[in-house]
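Peer 1: Okay, structure incoming, though there's no sequence with it:
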C-alpha cells in the first residue's frame, strides 16, 4: 500500500475520503479506493481514521469535514450501528457509507448490495438457495438481514452467541429463527436444509478463533459458504472448499460495497475486475514480503 500512497498526487484541490473504525490497520479499503481514484483520475485521497479508544466521532467532526469539502466516509466495526443512530434519517439499523447531499451528510449501507454483487462474480444467486443461515449478529449481519427480509422471501436462521442485540432486529415469525451459535444447532439446520447459503459474519477469525469447533456441523452441508472475513478466514471456509462446494472469502463483498460507495462519492466507479486483480496482486506482494 505504501507504494500506492507514494504515487498519489495530493494538492490543494484534493478531496478527502476516509474509513472510520477501530483496529482497522488490516483494512484493504484504503488500497481499493486510492487505486480506484488513480484509475479514474479522481483528485481524492482515502485515509484510514482509526479510533483506538473505540469512540465514534462527535457531530462536530462531521460538520468540520463537511465544511472543508470532504467527499464521504466508510464506517466499519464497531461503529455501524452508532452511525445509523446519529444519521437516523436513513431509516437503517446499520450504516457503512456517508456521502454528500445538497446541504448535509446522507447515510446508507452498501453492505448488502455489495454482498450480492460479490456473489454474482462467482455465479451464485440468492434465490437459488432454500434458506439463509447467518452466523453472528453484528452490524454487517444486521445489514444483510434487513436486506434479505425486504428483497427476498427466503427463510432466515440467525445463530449468535449473545442474544443482547436481538431487540434491534425485526422478527417475522413465519420466516425467521434465532438460536444459539454452537455446533449442535448448526448441524441440525444443515441436516434439515443441506443446500443452505451459510454466511459467516463474526470477526472471530481476526481475533484468533477460527471457529474450528463448528466444523463437525458441516458433515451434511451441501450448500455454499461466504466468510465475510478476509486475510484470516475461518476453518469453515477451508472445510467447505475441501468438500468442493462453492465458497468465497470477504474480498468480493468488500470490493462490491466499495464500488457502490464510489458511485455515491464520484458518480462512477472503477471496474470490479480491475480492482480485484490489483487487490490480489497487492496481497500476494504483501505475503511475499512477510516471508522474505
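Peer 2: That came through fine. Predicted model only: the values in this text are computed from it and were never measured. Numbering: from 1, shown residues only.

Peer 1: got the buried residues for the host helix or strand of residue 189?
Peer 2: Per DSSP states H and E: residue 189 is located in helix 183-192. Within helix 183-192, the residues scored as buried using 16 or more other Cβ atoms under 10 Å are 185, 186, 187, 189, 190. For the C-beta atoms, the positions are set from N, CA and C on the backbone; glycine is no exception.

Peer 1: Give me the residues contacting it.
Peer 2: Contacts to helix 183-192, defined as Cβ atoms under 8 Å, 6 or more residues apart in numbering, come from residues 133, 135, 157, 159, 179, 196, 198, 213-221.

Peer 1: ok, the residues you listed vs residue 67, which is closest?
Peer 2: Ranked by distance to residue 67 (Cβ to Cβ), the contacts of helix 183-192 are led by residue 135 at 41.5 Å.

Peer 1: In PyMOL, how would I select just the buried ones from the contacts of helix 183-192?
Peer 2: The PyMOL command for the buried members of the contacts of helix 183-192 (criterion: 16+ other Cβ under 10 Å) is given here:
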select buried, resi 133+135+157+159+196+198+214+215+217+218+221
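
Peer 1: For the stretch 151-292 of the chain, just list every one of the strands.
Peer 2: Using DSSP state E, counting those that start in this stretch, the strands of the stretch 151-292 of the chain run over residues 156-160, 176-180, 197-200, 224-227, 247-248.

Peer 1: now for the ones you listed, which one comes closest to residue 127?
Peer 2: Closest to residue 127 of the strands of the stretch 151-292 of the chain, according to Cβ to Cβ: strand 197-200, at 10.2 Å.

Peer 1: What pairs with the closest one, parallel or antiparallel?
Peer 2: Note on strand 197-200: by DSSP bridges, its sheet partners are strand 132-135 (parallel), strand 224-227 (parallel).

Peer 1: Could you dump those into JSON lines with distance to residue 26 and mean pLDDT added?
Peer 2: JSON lines is the format used below for the strands paired with strand 197-200 (distance: least, Cβ to Cβ, whole Å; pLDDT from 0 to 100):
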{"stretch": "strand 132-135", "distance to residue 26": "20", "mean pLDDT": "98"}
{"stretch": "strand 224-227", "distance to residue 26": "15", "mean pLDDT": "98"}
